[in-house]
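J.: Give me a 3D structure for the following:
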Amino acid sequence: MPQKDLGPTAQKLGIVFALPIEAHAFEQRVRNTIQYQASNLVIFEGTCNQQQVIYTISGIGRHAATNAAHLLISGHHPDALISVGFAGGLSPDLNHGAIVIPENLLALNNPCAELPPCVELPFAGSRFEWPESLSVTRATTLVTVDAVVDSLEKKKKLREETSADLVDMESAAVALVARENSIGFLAIRAISDTSEETLPPEVSRLSQPQSSMHRLGATLAAITRRPRAVTDLWKLWEQSLRCSRALADELERIARAIH
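T.: A predicted model of the protein is given here:
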C-alpha cells in the first residue's frame, strides 16, 4: 500500500526497540508500513497518528543498539531518535508498568567514551524540538549497563553507586548516536521489574545475543532444568505484554503531539 504523502517538511521519528515483545503493541498501531532489509536488521517505515515513524528491533545491548541507530540515520535520516523498551526499577517509587521518560542519562563503564558521565534529556542544541506537552519524568535518572541487573542485591548496589532510578542496556548507545548527529533524543521506558523483585535466573541467559532458534533452545533447556521456570517465564511474559501496550500508548501520544 503506498505511503501517504506527509509533505516535504514532515519530521521523522526513528525508534529503536531491543526486543520484539517491546515493539509488539506499537507495531499493531503503525499504518502504511513498508519494510527495508538493512544489513542484518529489518527497518519498518510507516505512520502513527499521521506522524511518520521509522523503527527497528536491534537486539539487546549497546553494540546492537548503536548499529541500529546508525542504520536508521544513514538510510532514513530521522529528525530524532527514541530508545524505547523495558527497564528495571531501582527506585522503590517505580511500580510495574510505570512509563518513565527520564530527565537524566548515565552510562556506567561507558564504552561510548564521548558521552559525558551524566547528560540531561532532551539534548540541548539539537535541531529537533519536542512538544511542550512532553511529560518528562522530572528528577529521574536512567543508567545504561552491560549486563542484566537481576537480583535485589545488584539493584541496591547499583542504586547506591549511581543514585539512578531505573536501568536498561541500550539508551546511552542510542543517545550517543543522536548526539553525534545533532538530532533529538529521548528514552521511553516501561518498568518491567521493580526494585523489590528478583528476575528468574533464565532471564540473564536468554538476554545474551543469539538467534531466535538458539533462544528457543535455551528456553526449553531452562524448563528441563527447572520446571518452575514455566510459571516464572509465563508471568514475565504477561507483564511484558502490559508494558508493551503502555509503551505503545505513550508513543501514540507523542506522535499525535508532534504531528
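J.: who touches stretch 20-33?
T.: Outside of stretch 20-33, the residues that reach it under the criterion C-beta atoms under 8 Å, 6 or more residues apart in numbering are 1-4, 15, 17, 44-48, 53, 55, 57, 84-86, 237, 240-241, 243-245, 247-248, 251-252. Where you see a C-beta, it was placed from the backbone N, CA and C, and this is true even at glycine.
J.: filter these to the buried ones?
T.: Neighbour counting over the contacts of stretch 20-33 (16 or more other C-beta atoms under 10 Å) leaves 15, 17, 44-48, 53, 55, 57, 84-86, 240, 243-245, 247-248, 251-252 as the buried ones.
J.: Just after the helix or strand bottoming out on mean pLDDT in the chain, pick out the following helix or strand.
T.: For the chain, scoring each helix and strand by mean pLDDT, DSSP states H and E identifies helix 212-225 as the least confident one, at a mean of 48. Heading C-terminal from helix 212-225, the first helix or strand you meet, by DSSP states H and E, is helix 229-258.
J.: which residues does the closest residue to residue 156 other than its chain neighbours contact?
T.: Closest residue to residue 156 in three dimensions, ignoring its sequence neighbours and counting by C-beta to C-beta, 6 or more residues apart in numbering: residue 195, at 7.7 Å. Going by C-beta under 8 Å, 6+ apart, residue 195 touches 88, 89, 90, 91, 92, 94, 152, 155, 156, 159.
J.: Selection in PyMOL covering whichever of these are buried, please.
T.: If you want just the buried ones from the contacts of residue 195 in PyMOL, going by 16+ other C-beta under 10 Å, the selection is:
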select buried, resi 88+89+90+91+94+155+159
